[in-house]
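Participant: Return a 3D structure for these sequence lines:
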Amino acid sequence: MNLKEKAKKLPSSPGIYLMKDSSGGVLYVGKSKNLNQRVLSYFQNSKNIRKRLKNLSAT
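Facilitator: Okay, here's the model as predicted:
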C-alpha cells in the first residue's frame, strides 16, 4: 500500500500528522481540523507548491 492509499483511509476528524525523512527523523509536525483532507492535499499537483513539499513528496 502506498502513502496516498494510506492517506485516503485517515479519519476526517481533527488530528496531528508527522512528516518524516527516510531514516525516520521528524521533518514537520502539522495539525488539522480534517486530517484526511489535509494529508491528501500534499498529494495534489500544483504549480504553487513550495520547494520543501516537492522534496518531501519525492521520498
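
Participant: what about this protein, any weak spots by pLDDT?
Facilitator: 45-59 (pLDDT under 70).

Participant: list the contacts for the residue positioned nearest the centre of the chain?
Facilitator: Residue closest to the average C-alpha location in the chain (CA atoms, centre = their mean): residue 39, at 4.0 Å. By CB atoms under 8 Å, 6 or more residues apart in numbering, the contact set of residue 39 is 7, 10, 17, 32. Quick note: C-beta positions are derived from backbone N, CA and C, even for glycine.

Participant: Could you rerun that using 6 Å?
Facilitator: 7, 10, 17 (CB atoms under 6 Å, 6 or more residues apart in numbering).

Participant: Who does the last one form a beta bridge with?
Facilitator: Here residue 17 shows beta-bridge partners residue 30, assigned using DSSP bridges.

Participant: Touching, it and residue 30? I think so.
Facilitator: Yes - using CB atoms under 6 Å, residue 17 is in contact with residue 30, at 5.1 Å.

Participant: So for the two, which residues contact both of them?
Facilitator: In contact with both residue 17 and residue 30: no residue, using CB under 6 Å, 6+ apart.

Participant: All the strands of the chain, residue numbers only.
Facilitator: Assigned by DSSP state E, the chain shows strands spanning 15-20, 26-32.

Participant: what's the burial count for residue 15?
Facilitator: 16 (other CB atoms under 10 Å).

Participant: Ignore what I typed, I meant residue 7.
Facilitator: Residue 7: 18 surrounding residues under other CB under 10 Å.

Participant: TSV please, covering the strands of the chain and showing distance to residue 3.
Facilitator: What follows is the strands of the chain, written out as TSV (distance: least, CB to CB, whole Å):
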stretch	distance to residue 3
strand 15-20	11
strand 26-32	14
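
Participant: closest to residue 1 out of the ones you listed?
Facilitator: Residue 1 lies closest to strand 15-20 among the strands of the chain, at 16.8 Å (CB to CB).
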